[in-house]
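Q: Coordinates for the following, if possible.
(2 chains)
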Amino acid sequence: MPDYIKLSELVENIQEAIQNRFEGEVFWVSARAMNVKKYEINRRCYLTLEEYENGNKTVEIKSVFWSNYYGEIEKFEKQIKQPFSNGTEIICKVKVRFHKVYGLNIDVMQIDVAHTLGVLELERQRTLERLLKENPTTIQLFDGFYQTHNNRLALPLIIENIALITAPNSDGQRDFQQEIKRNKHQYNFEITEFLTTIQGDNAHVLILEQLKLIEKSKINFDAVAIVRGGGSLTDFKPFDDYELAKYVANFHIPIFTGIGHDRNQSIVDLMAREQKTPTKVASLFVDHNFEFENNLIELKTNFFDIIREKLLYARDNLNNANRIIKMASPQKILNRGFAIIIYKDKIITDPKDIKEASELQTLLKNETIHSIVTKKSRNEKRIDI
Amino acid sequence: MKNELTYSAAYSKLQVLVEELEDGEIPLDKLSEKVKLANELILICETKLRKIETEIKELSEIRKQTKKK
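A: From the prediction side, this is the model:
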């Protein structure tokens, strides 16, 4: 029988060796967080820290955030505005611990948030550069603004048919619908909902699928709204995805985003028309239609003003003509004290035919005077009547 | 026949008559006849204008009502 020792002795030796080497020491390491399991109630997070080379895993070690360090995860999520999840590249402060039952473990004590922010920003910049480079005709950068096929599309005069991409039973869905329904002008909108998960690792794929459904729909949508309520955790990673951003930029119906975040604009926001919140997207649609109605009212007022003027002018002219005609009627002339002289049954305008002894009839208002001319003489001067 | 005249046609005829009257070009013995014609033209114009005015008023009211809905 060979000499043997108990397992515990061996493990104690290992523990001692590790303790001697690592006791009291802390290290800053860069790694990728995987297999993240958060237990919010116990305030613990189990994970593996891993390293990859050319896509192949080269290192993996069990790690844990104990409850006194769990606050680091909350701080990270608050600042990065993304959940601490699988694939997150971090630089973290760790210490090595060996437990006789649980084995070798790395305790994470702190995360360098600034590093992750930097990595994310770099990724974001790379995605934006790629969008510009690979879509030169539909995505351009002018004076710091991204002009895309989509955000340059002219809006229809009236927005009526809206495709709403949102999460079912979400705050964003509720806020948007409420603002639309309670609009003070009582406009009617036709809203077709395309419901999907709008947060999480796969959200960008799901949102893209909804856009494809909108494209296939028989309804001619005037606009697409992508909205989501601003919860405590606003993860906009899906909205920084290259494929989704590219699809949005090239989409043929104007897209409006209200995905509620304040730190930064997501790439999808830059490719579409950004309104920050679901309520703002809804009120933009209402305002857009109000502007149209206002123009229409103005146009109508001007139109009827011109017509009214034209009618007034015609009415004036007609009244004038009427007055002149009335003045000219023979009866009016007689009423005003003038007389009409009739000779041989004809009205006389030129007295040259009338001679002395001619028999004339003088027509007055109520009576006719029959007379014989006794004398004719020329007027000394012209009589102005 | 005269009722088939358009407002513009009736009005231009009326205008000619008025001008003739103002210029004193109408002999007195034609006056009654002309005044009668003018009155007929005025009636045509008046009827047509009133009809247009009413129609326009109705149209602008209709627009206002649909807006209120």
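Q: Chain B contacts on chain A?
A: Taking Cβ under 8 Å from any Cβ of the partner chain as the contact definition, chain A meets chain B at A:297, A:300, A:304, A:307-308, A:311, A:314-315, A:317-318, A:320-322, A:324-325, A:328-330, A:340, A:346-347, A:349. Just so you know, the C-beta spots here come from the backbone N, C-alpha and C atoms, and that holds for glycine as well.
Q: Any of those residues buried? List them.
A: Buried by 16 or more other Cβ atoms under 10 Å in any protein chain shown: A:304, A:314, A:317-318, A:321-322, A:324-325, A:328-330, A:340, A:347, out of these.
Q: Of those residues, which belong to strands?
A: Counted as lying in strands by DSSP state E, out of these, are A:340, A:347.
Q: Show me the helices in chain B, by range?
A: Using DSSP state H, the helices assigned to chain B run over residues B:7-22, B:28-68.
Q: Packed most tightly, which of those would that be?
A: Comparing those by mean neighbour count (mean count of other Cβ atoms under 10 Å in any protein chain shown), helix B:7-22 ranks first with a mean of 17.
Q: residues in contact with it?
A: The contact list for helix B:7-22 (Cβ atoms under 8 Å, 6 or more residues apart in numbering or on different chains) reads A:314, A:317-318, A:320-321, A:324-325, A:328, B:2, B:5, B:26, B:34, B:37-38, B:41-42, B:44-45, B:48-49, B:52.
Q: What of stretch A:84-91?
A: Stretch A:84-91 is contacted by residues A:28-36, A:38, A:45, A:73, A:76-77, A:82, A:111-112, A:115-116, A:119, A:201 when judged by Cβ under 8 Å, 6+ apart.
Q: In space, what's closest to A:T58 - neighbours in sequence excluded?
A: The spatial neighbour of A:T58 that comes closest, neighbours along the chain excluded (Cβ to Cβ, 6 or more residues apart in numbering or on different chains), is A:E51 at 5.3 Å.
Q: Could you look up the SS state of that neighbour?
A: The three-state label given to A:E51 by DSSP: H, G, I helix; E, B strand; the rest coil is strand.
Q: Report pLDDT for it.
A: A:E51 is assigned a pLDDT of 95 by the prediction.
Q: In this structure A:Q275 contacts A:L284, no?
A: Yes. A:Q275 lies in contact with A:L284 (Cβ atoms under 8 Å); the separation is 5.7 Å.
Q: Over to A:F84. Which of the three states is it?
A: coil.
Q: same question but for A:V29, I mixed them up
A: Under three-state DSSP, A:V29 comes out as strand.
Q: Give me the number of neighbouring residues for it.
A: For A:V29, the neighbour count with other Cβ atoms under 10 Å in any protein chain shown is 16.
Q: which residues does the residue nearest the centre of chain B contact?
A: Compute the mean C-alpha point of chain B, and by Cα atoms, centre = their mean the closest residue is B:C45, 1.4 Å away. Contact analysis of B:C45 by Cβ under 8 Å, 6+ apart lists A:318, B:7, B:10-11, B:14.
Q: ok, those residues vs A:I259, which is closest?
A: Distance to A:I259 across the contacts of B:C45 (Cβ to Cβ) is lowest for B:Y7, with 61.7 Å.
Q: which residue packs closest to A:I333, ignoring adjacent ones?
A: Distances taken as Cβ to Cβ, 6+ apart place A:I340 nearest to A:I333, at 7.4 Å, with adjacent residues excluded.
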